[in-house]
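In: the amino acid sequence is not available; the structure is as follows:
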């Protein structure tokens, strides 16, 4: 009884507090028999954000997406889509979501125009809304040149565009894209990235992918899930700070006692010696924290009379952060279970 009386004020408060939040996952858990696929998962996404949703195979990504799209109902917690609990009003929340499946099933025998007409029928579009949505969708997805061609004759890149057009034809506020660049060549990947960025200007976009470069090039924020739990939620350009031990400095210099000098700095964990180039000695300096030692290295070079040829921070890869964070999570679980 008390649950019903409290639910409506909660929704009102959520809408008033932050009306820009389109997806809100609140302490959601979902199990299948003894297996807990998602455990106490919480995050929120705002309108206009393009968010990468990452995790190893079996981490709970697919279960989470199915919870967002009302295919599954949470065992506990709730999923709010534009402030509405999708377990209580799934028809309303489904209208707010466009979904591009990984395998992107299309009717190959249809023309692109026929397929989009079919999707418009399924979405209940009619009259001016239908014609306006079709025109706008074809333009946004870049399908003008292939609109009257059979889907079976299209390239993989255009297949993805047709699938994406079907996902946005009803003008949803949320797009969920499952491996949108899978199987595309480099040019098609670049084109799809640009399209996703364009669509994300006035929508929430959640992208799942195993290609870390796509996240770095397309997304503004990363959600990393492992064994059903969120292990990272960070802007893409800040996520490297979660694993400071991965930061490295490249040093190339001429002089004496360079290796021992570098190793004496407080921010330095260890120094790796590389093969020299002529008289120039080369080192990889592994850092122990978030502090940047390059100003100290520069001052040390000046005081010791080193000739400094190169000094820069090695670019970290998102793959390294992914591996470190998911491995740490696995190690913690192993220790807890032992």
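Out: Great, that's in hand. Bear in mind the structure is a predicted one, so any value in this text is a computation, not a measurement.

In: just for the stretch 151-300 of the chain, where's the confidence low?
Out: By pLDDT under 70, the low-scoring segments of the stretch 151-300 of the chain are 244-245.

In: break down it into its helices, ranges please.
Out: Using DSSP state H, counting those that start in this stretch, the helices of the stretch 151-300 of the chain run over 156-168, 186-199, 212-218, 258-263, 294-304.

In: how close does the residue positioned nearest the centre of the chain sit to residue 215?
Out: Nearest residue to the geometric centre of the chain (CA atoms, centre = their mean): residue 52, 0.6 Å. According to CB to CB, to the nearest Å, residue 52 stands 4 Å off from residue 215. Just so you know, the C-beta spots here come from the backbone N, C-alpha and C atoms, and that holds for glycine as well.

In: list the residues that contact both of these two?
Out: With contacts taken as CB atoms under 8 Å, 6 or more residues apart in numbering, the residues that reach both residue 52 and residue 215 are 207, 209, 222, 236.

In: neighbours of the last one, how many?
Out: Here the number of neighbours of residue 236 (other CB atoms under 10 Å) works out to 18.

In: and the second one, by the same measure?
Out: Residue 209 has 21 neighbours, counted by other CB under 10 Å.

In: give the contact list for it.
Out: Residues in contact with residue 209, defined by CB under 8 Å, 6+ apart, are 52, 54, 179-182, 215.

In: so which of the residues you listed belong to strands?
Out: Mapping the contacts of residue 209 onto strands (DSSP state E) picks out 52, 54.

In: want to try TSV for the contacts of residue 209, with distance to residue 31 as columns?
Out: Listed next are those as TSV, based on distance: CB to CB, whole Å:
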residue	distance to residue 31
52	26
54	22
179	25
180	29
181	32
182	29
215	28
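
In: just curious, which of the contacts of residue 209 is nearest to residue 282?
Out: residue 215 (31.0 Å; CB to CB).

In: okay, that closest one and residue 172: tell me how far apart.
Out: Distance from residue 215 to residue 172, by CB to CB: 22 Å.

In: and those two? which has more neighbours close in?
Out: Neighbours per residue, other CB under 10 Å: of residue 215 and residue 172, the larger number sits with residue 215, 25 against 19.

In: what number of residues lie near residue 305?
Out: 9.

In: what's the separation between it and residue 311?
Out: For residue 305 relative to residue 311 (CB to CB), the value is 16 Å.

In: looking at strand pairing, list the partners for residue 178.
Out: residue 208 (DSSP bridges).

In: does it touch residue 208 like I think?
Out: Yes - using CB atoms under 8 Å, residue 178 makes contact with residue 208 at a distance of 5.1 Å.

In: mutual contacts of these two, please.
Out: Shared contacts of residue 178 and residue 208, defined by CB under 8 Å, 6+ apart, are found at residue 65.

In: tell me which of the two has more neighbours.
Out: Neighbours of residue 178 and residue 208, each counted by other CB under 10 Å, are more numerous for residue 208; the result is 22 against 19.

In: contact partners for the more buried one?
Out: By CB under 8 Å, 6+ apart, the contact set of residue 208 is 52-54, 61, 65, 176-179.

In: and for residue 130?
Out: Neighbouring residues of residue 130 by CB under 8 Å, 6+ apart: residue 120.

In: that one - that's part of a helix, no?
Out: Yes - judged by DSSP: H, G, I helix; E, B strand; the rest coil, residue 130 forms part of a helix.

In: tell me the spacing between it and residue 173.
Out: To residue 173, residue 130 is 19 Å away according to CB to CB.

In: do the same with residue 296
Out: From residue 296 to residue 173 the distance is 49 Å (CB to CB).

In: all strands of the chain, in order?
Out: For the chain, the strands defined by DSSP E cover 21-32, 35-46, 50-54, 76-81, 84-85, 97-100, 174-178, 204-208, 221-226, 229-235, 248-254, 268-277, 280-287, 307-313.

In: what's in contact with the third one?
Out: Under the criterion CB under 8 Å, 6+ apart, residues 45, 61, 64-65, 196-197, 200, 204-209, 212, 214-215, 218-225, 236, 322 lie in contact with strand 50-54.

In: now the buried members of the residues you listed.
Out: Buried members of these, counted by 16 or more other CB atoms under 10 Å: 45, 61, 64-65, 196, 200, 204-209, 212, 214-215, 218-225, 236, 322.

In: what does the domain assignment say about the protein?
Out: 2-241, 244-313 (automatic domain parsing).

In: want to throw these into a markdown table with distance to residue 327?
Out: As requested, the domains of the chain are exported to a markdown table (distance: least, CB to CB, whole Å):
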| stretch | distance to residue 327 |
| --- | --- |
| domain 2-241 | 9 |
| domain 244-313 | 12 |
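
In: to residue 326, which of those lies closest?
Out: Across those, residue 326 has its closest neighbour in domain 2-241 (4.6 Å, CB to CB).

In: returning to what we had before: between the contacts of residue 209, which is nearest residue 142?
Out: residue 180 (14.2 Å).
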